[in-house]
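Chemist: got a predicted structure here, sequence first:
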Amino acid sequence: MTKILKLHDENAEVEEGQNLATSRRDFLKWSSAAALTAFAFGALNPASLSAKTAFAGLPIESYAADSVDLGKGDFGVLNYAYALEQLEAAFYTQVISTPYSGMNSAERQILTDIRDHEIAHREFFKAALGKNAIAGLKVNFTKIDFNNRASVLGTAKTFEDLGVAAYNGAGQLLQNGDFLLIAGKIVSVEARHAAAIRELLQPRSSFFAGDDIVDPATGLGPAKMPSEVLAAAAPFVMTKIKANNLPKVGMMKMNDKKDKKDKMNKKDMGGK
Amino acid sequence: MDYKKPLLENLDSDIVSYMTADKETVAKTNKSVGVLATTIISTGALAGAAFGKGQQLPEQIKDVLNFALTLEYLEDEYYRTGLSKSGLIPSDTRSVFGQISKHETAHVALLKSVLGGDAVKKPNFDFTAGGTFSDVFSNYQTFLALSQAFEDTGVRAYKGQAGNLMSNAKILTVALQIHSVEARHAAEVRRIRGEKSWITKDSRGTLPPAADPVYFADRKTSEGGVNLSNLMSTSKLTDETISQAFDEPLSKDQVLRIAGLFIKG
């Protein structure tokens, strides 16, 4: 049995070949839904990137699930988070629909809660991004033995620790303080998940915030940049994720002037 | 940043040089050498004349770091005191609290090293809060309850200040890294107390009413342009579940009112 799931179609297992068409249909559906929400979204639209200019530069094909481009600016960073939340939500959805042998009720409750939180995060980003949202990713969970507790919880630990590191590293890439606060509201929940999963693996030990993940000398948790995070996630994702337009650390302040100039030029040229 | 590197290596090449340089200095460094963090500065040099004892940091950032340092002082002293009381913390959770204590001590050292001479002094703490929690260091349940309140407060405090650190990417990142560790602590202590690791709405759960201010939640009907009741229908989730998925912040004043109960001066 293959475990190729389509992320925004909860329980569907579809043949690989069908995904592209389905994604396009969904994409069109999203576009009209996004148009409805666009007015509410306007207030938080980063000034640096209107929905129109973000979308205009990208061919429709890049929104198909075989390949996605996260885009640039704050929307790019939010798409990056959306991609990770898609991955996590798909994973826990599978975990709950095919529970490992010996899953007790306490574990099932924790894993169900986490699944629901990840779905909330995923749906939040999808709605916030509107028509700037990337398509549903195709995931590859063939290396995970969903019947095996150690395999499931080990993967969960990897995903949660990675998610925390991703948000910690991406905060500095955001220009909009409201988005930073939202990322902050989510990352501490991911950290709570990480600790809960680690507690299941090694109860009542230092492992919930172990020296393997929190530097014992500084007391700092992990922070990773998108390239490193996406490389770590790549074995679980079939969709090619293009992240080369994301903001780069340390370059933003320097590029502020240049960006403003570029934007002015773009405006002059009718948004192209 | 490689968080596994030893403290001084991290501080030398990564955190301190960038954290303490003002934006202009960073920009100049960028222009002249093209990369960040090439200047090697020891923690000692940081506290010395070369870096003006943190005076090159903008006031707003120093204020946030001193606010954070105050909370870290509180947590650090709390766990060190608790661990020193024989018979308080049972053997099966000593490694948990030993780990938390180790992190709080490291956070104090890190923040002090960044602030240098501008670091606030450690206040005198009264963890009984004037007698309200008189058995805090003799009753394990009281100790656990305050631990949970301190950790959840810490998470919310850092979260509330993130926006005030946006002008300095490195300091923002370090604050986020501490923030996520406080969340791990909070999750673990909550589990030990038999609570879910996450917070539901503004519920203090099994904590006493005195903990209500910790769980104050200014939840909005719309967030990031997303109507949260629409989110309930698209995600098919309850409001309780959605509230767990988004940890709320506290303002500095809200946090200081909580911490102030334990500060004698």
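Modeler: Right, received. Where do you want to start?
Chemist: so where's the stretch 51-200 of chain A uncertain?
Modeler: A:51-64 (pLDDT under 70).
Chemist: please, where are all the helices along it?
Modeler: With helices called from DSSP state H, counting those that start in this stretch, the stretch 51-200 of chain A shows them at A:51-56, A:73-97, A:105-129, A:149-170, A:177-201.
Chemist: tell me which of the ones you listed sits nearest to residue B:245.
Modeler: Among these, the nearest to residue B:245 by Cβ to Cβ is helix A:105-129 (3.9 Å). Any C-beta I mention is one placed from the backbone N, CA and C, and that applies to glycine too.
Chemist: quick one: buried residues of the closest one?
Modeler: By 16 or more other Cβ atoms under 10 Å in any protein chain shown, the buried positions in helix A:105-129 come out as A:107, A:110-111, A:113-129.
Chemist: what of stretch B:121-139?
Modeler: Of the residues in stretch B:121-139, B:123, B:125, B:126, B:127, B:128, B:129, B:133, B:136, B:137 count as buried by neighbour count, 16+ other Cβ under 10 Å.
Chemist: same check, this time on stretch A:227-235
Modeler: Neighbour-count burial for stretch A:227-235, with 16+ other Cβ under 10 Å as criterion, is recorded at A:229, A:230, A:232, A:233.
Chemist: contacts only, for residue B:73.
Modeler: Listed by Cβ atoms under 8 Å, 6 or more residues apart in numbering or on different chains, the contact partners of residue B:73 are B:108, B:122, B:123, B:125.
Chemist: so for the second one, what's the pLDDT?
Modeler: Predicted confidence (pLDDT) for residue B:122: 98.
Chemist: where's it, which helix or strand?
Modeler: Using DSSP states H and E, residue B:122 sits within no helix or strand.
Chemist: residue B:77 is in contact with that one, correct?
Modeler: Yes: counting by Cβ atoms under 8 Å, residue B:122 does reach residue B:77; the two are 7.4 Å apart.
Chemist: neighbours of residue 66, how many?
Modeler: All of this refers to chain A. 16 (other Cβ atoms under 10 Å in any protein chain shown).
Chemist: meant chain B, my bad for not saying
Modeler: 16.
Chemist: ok, back up a step: in strands only, show me the buried residues of stretch B:121-139.
Modeler: Judged by DSSP state E, strands contain none of those.
Chemist: how about the helices in the stretch 51-200 of chain B?
Modeler: Using DSSP H, counting those that start in this stretch, helices in the stretch 51-200 of chain B cover B:59-84, B:94-115, B:140-161, B:169-192.
Chemist: next, the contact list for residue 221, please.
Modeler: No chain specified, so I'll use chain A. A:164-165, A:168, A:191, A:209, A:213-214, B:3, B:177-178, B:180-181, B:184 are the contacts of residue A:221 under Cβ under 8 Å, 6+ apart.
Chemist: the intended chain is chain B.
Modeler: B:227, B:228, B:229.
Chemist: ok, residue B:125 next?
Modeler: B:73, B:74, B:77, B:78, B:262, B:263, B:264.
Chemist: and the pLDDT for residue B:230?
Modeler: In this prediction, residue B:230 carries a pLDDT score of 88.
Chemist: nope, residue B:258 is what I meant
Modeler: 98.
Chemist: hang on, it packs against residue B:216?
Modeler: No: counting by Cβ under 8 Å, residue B:258 sits too far from residue B:216 to count as a contact (9.6 Å).
Chemist: those two: which is more packed in?
Modeler: The neighbour comparison of residue B:258 against residue B:216 (other Cβ under 10 Å) goes to residue B:258, with 24 against 14.
Chemist: what about the more buried one, distance to residue B:131?
Modeler: Distance, residue B:258 to residue B:131, using Cβ to Cβ, to the nearest Å: 17 Å.
Chemist: likewise for residue A:161?
Modeler: In terms of Cβ to Cβ, residue A:161 sits 42 Å off from residue B:131.
Chemist: same question for residue B:94.
Modeler: On the measure of Cβ to Cβ, residue B:94 and residue B:131 end up 27 Å apart.
Chemist: do the same with residue B:167
Modeler: Using Cβ to Cβ, one gets 43 Å for the distance from residue B:167 to residue B:131.
Chemist: tell me the contacts of the closest residue in space to residue A:102 that isn't next to it in sequence?
Modeler: The shortest distance from residue A:102 to any non-neighbouring residue, by Cβ to Cβ, 6 or more residues apart in numbering or on different chains, is to residue A:149 (6.1 Å). Shown in contact with residue A:149 (Cβ under 8 Å, 6+ apart): A:100, A:101, A:102, A:103.
Chemist: now, of these, which are buried?
Modeler: residue A:100.
Chemist: quick check, nearest of the contacts of residue A:149 to residue B:240?
Modeler: Closest to residue B:240, out of all of the contacts of residue A:149 and judged by Cβ to Cβ, is residue A:103, at 22.7 Å.
Chemist: who are the contact partners of that closest one?
Modeler: Residue A:103 sits in contact with A:111, A:149, where contact means Cβ under 8 Å, 6+ apart.
Chemist: OK, contacts around the residue most central in space within chain B?
Modeler: Note on chain B: the residue nearest the mean C-alpha position is residue B:154, at 4.4 Å, using Cα atoms, centre = their mean. Neighbour list for residue B:154: B:71, B:75, B:182, B:185, B:186 [criterion: Cβ under 8 Å, 6+ apart].
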